[in-house]
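**Student:** My questions concern the predicted model and sequence given below.
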Amino acid sequence: MPTWIVTGGAGFIGSNFVRLALAETDADVVVLDKLTYAGNLETLADVAENPRFRFVQGDIASRETVADVFREHRPDAVLNFAAESHVDRSIEGPRLFVETNVHGTLELLEAARALCTELAPADRERFRLLHVSTDEVFGSLGATGAFSEETPYAPRSPYSASKAGADHLVAAWHETFGLPTLLTNCSNNYGPFQYPEKLIPLMILNGLEGKDLPIYGDGGNVRDWLHVEDHCRAILLVLRRGRPGQSYNVGGRSERTNLQVVDALCEALESVRPAAENPALAARGIAGYAGLKTFVTDRPGHDRRYAIDDSKLRRELGFDPRYGFEEGLRATVRWYAENRRWCEQVQAGSYARERLGLEGAAK
């Protein structure tokens, strides 16, 4: 029975992967998570009693912590989801992003390299380190084209720069030391258990509470949207069948402007909780969720468009997403409407859905 270490497994994408791994594989899953504001044990409450699940609280940037976890559990695979991941927060405090995303990745790579020198040849051949990254490392696109695995890196925010640095380390440890690494770069994720600072959960919760739906700039920034469950299935596919040293783009082929996303969310909110039955809207004299839309000053360095070319993943590994965007969005709205307790618990004392990423906070 293999053992997988999943870093950042109490966060959004990581926790969804943990559920998938426990449901569809026979692996023992060891979650290593620092439990920052975006990582919460409540997110893993439904798997806490699974006999194949273990949790370790710790920081991937701590050499001692990482070494202890590797020594105790002797993993067959490491999946690195741990990251500071919000562009707006990286503008306010970039140092933490470098510490976790770059230094933390270095510690994982070095621990994996040390482990591989101790493994029998057959076990070393099976070992994998899969690093989960983002399409933001490629920069910003014009009106046409898409990011492929050969697109040059051109990060434009502290967050994307730190992820780009980590990606380069992963590639270098494969080329220099022969470490069997895998790299995935995904488009924007959405779905259950996403911390409410991100666009889709923020808009859902604000809409349900009759609060403004703030849209940056003119709302014309374009992203490709990928349901988190589809992303996790892609990661499992890459882990099982990907070629060491290769990178794989993971996309949803669902490009939308931010304004289109918000409009679709307003429609989904109407289907899940009609505005006529929402007293928060009535209190403001607003007849529909679209009446909550408001445009705010754009954030610094806001990339105009991302789009993923995932044809390599589909062609070589047979990836096929299960969720269409509108279907996935409705399911996501229902999840947040039915899981308000989780939303309240993970935000308590740490985030009141205020705007982040304004210039001027030097940390």
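**Tutor:** Yep, it's here. Predicted model, so just to flag it, every value in this text is computed and none were measured.

**Student:** Select the longest helix from the protein.
**Tutor:** Of all the segments assigned as helix in the chain under DSSP state H, the longest by residue count is helix 158-177.

**Student:** Next, the buried residues of that helix.
**Tutor:** Applying a neighbour-count criterion of 16 or more other Cβ atoms under 10 Å, one finds 158-167, 169-171, 173-174 buried in helix 158-177. For glycine as for every other residue, the C-beta is placed from the backbone atoms N, C-alpha and C.

**Student:** same deal with stretch 92-112?
**Tutor:** Counting neighbours by 16+ other Cβ under 10 Å, one finds that the buried residues in stretch 92-112 are 92, 94, 96-98, 100-112.

**Student:** cool, and stretch 7-23?
**Tutor:** 7-22.

**Student:** quick check: mean pLDDT across it?
**Tutor:** When pLDDT is averaged over stretch 7-23, the result is 98.

**Student:** Centre of the chain to that stretch, how far?
**Tutor:** With Cα atoms, centre = their mean, to the nearest Å as the basis, the distance from the averaged C-alpha position of stretch 7-23 to the chain average is 11 Å.

**Student:** Same question for stretch 75-91.
**Tutor:** The chain centroid and the centroid of stretch 75-91 are separated by 7 Å under Cα atoms, centre = their mean.

**Student:** Just the endpoints, please. Distance across that stretch?
**Tutor:** 35 Å (Cα to Cα, to the nearest Å).

**Student:** Buried residues in that stretch, which are they?
**Tutor:** By neighbour count with 16+ other Cβ under 10 Å, stretch 75-91 contains the buried residues 75-91.

**Student:** what's the angle between the next helix-or-strand element following the longest helix of the chain and helix 158-177?
**Tutor:** Following helix 158-177 in sequence order, the next helix or strand is strand 181-186 (DSSP states H and E). Using axes from the mean of the first three to the mean of the last three Cα atoms, to 10 degrees, the inter-axis angle of strand 181-186 relative to helix 158-177 is 160 degrees.

**Student:** Please shift the residue numbers so they start at 41 in all later answers.
**Tutor:** Shifting the count to begin at 41 puts that one at strand 221-226.

**Student:** Name the strands paired with strand 221-226 and say parallel or antiparallel.
**Tutor:** With DSSP bridges as the test, strand 221-226 is paired with strand 168-174 (parallel), strand 287-290 (parallel).

**Student:** same question for it, mean pLDDT?
**Tutor:** Mean predicted lDDT for strand 221-226 stands at 98.

**Student:** same for the following helix or strand past that strand, what does it pack against?
**Tutor:** The helix or strand immediately downstream of strand 221-226 is strand 228-230, counting by DSSP H and E. Judged by 3 or more Cβ pairs under 8 Å, 6 or more residues apart in numbering; DSSP states H and E, strand 228-230 is in contact with helix 239-248, strand 262-267, helix 268-281, helix 365-378.

**Student:** what separates the second one from the chain centre, distance-wise?
**Tutor:** It refers to strand 262-267. Counting by Cα atoms, centre = their mean, strand 262-267 comes out at 12 Å from the chain centroid.

**Student:** Repeat that for the last one.
**Tutor:** Computed by Cα atoms, centre = their mean, the chain-centroid distance of helix 365-378 equals 17 Å.

**Student:** Packing partners of that helix?
**Tutor:** For helix 365-378, the elements it packs on are strand 228-230, helix 239-248, strand 262-267, helix 298-312, judged by 3+ Cβ pairs under 8 Å, 6+ apart.

**Student:** again, 7 Å this time
**Tutor:** With contacts defined as 3 or more Cβ pairs under 7 Å, 6 or more residues apart in numbering; DSSP states H and E, the secondary structure elements packing on helix 365-378 are helix 239-248, helix 298-312.

**Student:** what does the third one give?
**Tutor:** Based on contacts counted as 3+ Cβ pairs under 7 Å, 6+ apart, the elements that helix 268-281 packs against are helix 52-64, strand 117-120, strand 168-174, strand 221-226, strand 228-230, strand 287-290, helix 351-357.

**Student:** Which of these sits closest to Ala315?
**Tutor:** Comparing these against Ala315 with Cβ to Cβ, the closest turns out to be strand 228-230 (22.0 Å).

**Student:** Compare the helices and strands packed on helix 268-281 and give me the one nearest Ile255.
**Tutor:** Going by Cβ to Cβ, the one of the helices and strands packed on helix 268-281 nearest Ile255 is strand 228-230, 15.3 Å.

**Student:** Give me the residues contacting that closest one.
**Tutor:** Among residues not part of strand 228-230, those counted as contacts by Cβ atoms under 7 Å, 6 or more residues apart in numbering are 53, 240, 263-268, 271, 368, 372.

**Student:** Could you provide those in CSV, with additional columns for distance to Asn90?
**Tutor:** What follows is the contacts of strand 228-230, written out as CSV (distance: Cβ to Cβ, whole Å):
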residue, distance to Asn90
Ile53, 19
Ile240, 28
Arg263, 34
Asp264, 33
Trp265, 30
Leu266, 26
His267, 23
Val268, 20
His271, 22
Gly368, 26
Thr372, 25
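
**Student:** Can you tell me which of the residues you listed lies closest to His342?
**Tutor:** Within the contacts of strand 228-230, proximity to His342 (Cβ to Cβ) peaks at Arg263, which comes in at 11.1 Å.
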